[in-house]
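> here is my input, please return the structure:
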Amino acid sequence: MSKGRVYIVKNPLFPTLFKLGFTTKNSVEERGLSASNLPEAYEVIREYECDDCEETEKLFHETYEQHRYYSQLDGRGKRTEFFSTVCLANAVAWMDKLKGITDITDEALDEANDLSGDKKSIFDKSKIVRRSVFDFFEMGIAKNSILHFKSDPSITVKVLDNKQVEYKGKPYAFSRITAILLKAKHNYAQPCPNWTFEGKFLHDIYNETYPKKD
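Modelled structure (predicted):
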């Protein structure tokens, strides 16, 4: 049993493919994806902490074998860890339902930023690109603004600072209260797809604030 991390990444050089792999190192950055010497950086789609990362990767590869990409460089069809993006949405949903794994995408990014002191430096070294961590103030959402829960707009939270919200008089990390309201099995959930501000989805505001780089 190998405790570690499973990651889903994409590279702009391969727009129809994504890669799923694992590492027993402390972070995906230490995995060294830049070792392949690709001229473009990887974007991390999801990062999970797993009780058995090797078995999780194996199970995923078996489940989505029909979507696996086979390289023809040797003329024989070599197996790779790349899969068609046709199954990406289903693959993420499938991963989210597995037992023994925790989605740590946002937390891993926060950790990497704290360690680097510069959002770009650690990613440039490892050839990995992550989208920016959301910041209410950067997204034009002021303190005391009211956000509405997508599944039930009568449920609201109030923005306390650039990261935290207040729900029923108590402060919460935005991802934490989202997980509670969704009754998720993990301690946190991706917040932006689940909230609106002044009738606009936070996911759309996020994408406008932090556009993907070509």
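> got the phi and psi for Thr63?
phi -70, psi -40 (degrees, to the nearest 10).
> that one: how many residues sit nearby?
13 (other Cβ atoms under 10 Å). Glycine gets a C-beta too; all of them are placed from N, C-alpha and C.
> and the pLDDT for the closest residue to it other than its chain neighbours?
Among residues not flanking Thr63 along the chain, Trp94 sits closest, at 6.9 Å (Cβ to Cβ, 6 or more residues apart in numbering). Here the pLDDT value assigned to Trp94 is 90.
> now do the buried residues in the helix or strand containing Trp94.
Element membership of Trp94 [criterion: DSSP states H and E] is helix 88-97. Neighbour counts using 16 or more other Cβ atoms under 10 Å place Leu88, Ala91, Met95, Asp96 of helix 88-97 among the buried residues.
> biggest separation within those, which pair?
Distance extremes for the buried residues of helix 88-97: the farthest pair is Leu88 and Asp96 at 12.7 Å, using Cβ to Cβ.
> hmm, Leu202 is touching Thr178, no?
No. Shown here, Leu202 and Thr178 do not form a contact pair, counting by Cβ atoms under 8 Å, at 10.3 Å.
> now do the shared contacts for those two.
Pro191, Asn194, Trp195 (Cβ atoms under 8 Å, 6 or more residues apart in numbering).
> who does the last one form a beta bridge with?
Read it as Trp195. Phe149 (DSSP bridges).
> domain ranges for this structure, per the record?
By the assignment in automatic domain parsing, the chain contains the domains 4-129, 146-209.
> make a markdown table out of those and add distance to Glu138.
A markdown table is the format used below for these (distance: least, Cβ to Cβ, whole Å):
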| stretch | distance to Glu138 |
| --- | --- |
| domain 4-129 | 12 |
| domain 146-209 | 6 |
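> just so I know, which of these lies nearest Phe137?
The closest of those to Phe137 is domain 146-209. By Cβ to Cβ, the value is 4.5 Å.
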